[in-house]
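Colleague: Turn this into a structure:
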Amino acid sequence: MYHKLFISTIKSKSHFTTTMSDVPTDVLVNILSRLPVKSLLRFRTVSKPLCALIDSPYFVNLHRQRQSMKTDKVLVFSRGLGSSTSAISFCFDSLPTTVRLEPPIDRTLFPYIIGSCHGFICFCSWPMGRVILLWNPSTRKYREVPASLDYPPINSVLKAVDQVGYDHVNNDYKVVRLTQSGDSVRLDSKVFVYSLNFERWLPVEQTFPYDFLLVSCRGQGACISGAVHWLLNQKPDSDNDYLMVSFNLASQSFQSVPLPEFFNNYDNIDIGVFEGCLCVVGSGGYCVDIWVMGEYGVKESWSKLLALTSRVRITCGSPSIRPILYLKNRKEVLLEVYERWFEIYDLEEKKSKKRMFRAQSPLSTFVYQDSLA
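Modeller: Have a look, this model is predicted:
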């Protein structure tokens, strides 16, 4: 309703400027914050005051909050060969729509997609993630995150895992990098944080408090409740094979997060976000279990969303099945299967109903929201 009402007032720039001056600012902000990004980008060209309003941090944050209550979009990349890349955006609302996007990124230079947060998709240049690009598919703009100056020597870095998250306390998007360096005798783990507000990297002063064998790179990471999460493979003498650790973006503090029971029985574990909740997928052999933490940080709130029998045997390190989002009033779940196609799973009938979008090359799938960030 707001969208049609606002569009109807725009017959010319001069008419719109006159009309806008008669509208109270709070009413104007209320109307604009409900509009899609595509319309707001067009309105930025109407006048300098309107452009300044739409670009203001307060309005960008308000618009993000309003958009979070709308239907999420699904962005699908097909990791083919060559320097160019394309993506397809799906919106599963009352009238499903599909839009093809062309990111202005050379995939030979930035071949890895490491995650998403709100409106950003995060690309990195190589496995150690020295240079990162944050691309907004709604505005078609991207921001480059430079390499950290305080980075361990290349020949000593065994693994580097990057994640992007949103610090809601400080209204700041941040990239978090966990590095593991050293040799077989001594391993040193450090965390670095890049702030988009301050445009700089800073090492975290607190020592990483957990002793582990390596950090798992499976999954696309998870930013929940203002914290990013890692899944750690523990050393052989530990009681459990896995440990999940969170890093609070505002307080820069670490904390362990409980996993569901019996997780040592799985060969693979992926972590992610499903409908705003922490999600883990455990797989092994022909078994795939998908768990969701209903109340963040409460172990008893873990529940098994669904249990599947895989068509092929899932070995250690092989692609598994991943939940993307609910469909049809939470009665169906869209699943990404083996990074090759999608299936719609009926929770009541407990079976897959439809296969769609089969690809020849591996897929990377992300849930995102329209954002001005």
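
Colleague: what ranges do the helices span in the stretch 101-250 of the chain?
Modeller: Using DSSP state H, counting those that start in this stretch, no helices are found in the stretch 101-250 of the chain.

Colleague: Any regions of the stretch 151-300 of the chain where pLDDT drops low?
Modeller: Along the stretch 151-300 of the chain, the model assigns pLDDT under 70 to residues 151-158, 183-186, 213-220, 235-240, 264.

Colleague: for the longest helix belonging to the chain, the distance to its chain's centre please.
Modeller: Counting residues, the longest helix found in the chain (DSSP state H) is helix 57-67. Relative to its chain's centre, helix 57-67 lies at 18 Å (C-alpha atoms, centre = their mean, to the nearest Å).

Colleague: next one: stretch 286-296
Modeller: The answer for stretch 286-296 is 18 Å, by C-alpha atoms, centre = their mean.

Colleague: So for it, what gets flagged as buried?
Modeller: Buried residues in stretch 286-296, counting neighbours by 16 or more other C-beta atoms under 10 Å, are found at 287-293. Where you see a C-beta, it was placed from the backbone N, CA and C, and this is true even at glycine.

Colleague: Same question for stretch 278-287.
Modeller: Judged by neighbour count (16+ other C-beta under 10 Å), stretch 278-287 contains these buried residues: 278-284, 287.

Colleague: what's next to it, contact-wise?
Modeller: With C-beta atoms under 8 Å, 6 or more residues apart in numbering as the contact definition, stretch 278-287 has outside contacts at 219, 222, 224, 229, 231, 244, 257, 259-260, 263, 265-273, 288-293, 296, 305, 307-310, 312-314, 320-323.

Colleague: My guess is Val288 contacts Arg311. True?
Modeller: No: in this structure, Val288 is not within contact of Arg311 by C-beta atoms under 8 Å, at 10.4 Å.

Colleague: Among the contacts of stretch 278-287, name the buried ones.
Modeller: Applying a neighbour-count criterion of 16+ other C-beta under 10 Å, the buried members of the contacts of stretch 278-287 are 219, 222, 224, 229, 231, 244, 257, 259-260, 263, 266, 268-273, 288-293, 305, 308, 310, 314, 320-323.

Colleague: so what's the residue nearest the centre of the chain closest to, chain neighbours aside?
Modeller: Nearest to the centroid of the C-alpha atoms of the chain, with distances taken as C-alpha atoms, centre = their mean, sits Ser116, at 2.4 Å. Nearest residue to Ser116 in three dimensions, chain neighbours excluded: Phe366, at 4.1 Å (C-beta to C-beta, 6 or more residues apart in numbering).

Colleague: what number of residues lie near that neighbour?
Modeller: The local packing of Phe366 (other C-beta atoms under 10 Å) involves 22 other residues.

Colleague: can you check Phe254 too?
Modeller: 18.

Colleague: In what element of secondary structure is the residue nearest to Ser116 found?
Modeller: strand 363-368 (DSSP states H and E).

Colleague: from the chain's centre, how far out does that strand sit?
Modeller: Averaged C-alpha coordinates place strand 363-368 at 8 Å from its chain's average position (C-alpha atoms, centre = their mean).

Colleague: what does it rub up against?
Modeller: Strand 363-368 has contacts (C-beta under 8 Å, 6+ apart) with 72-79, 113, 115-116, 118-121, 137, 220, 273, 322, 324-325, 336, 339-342.
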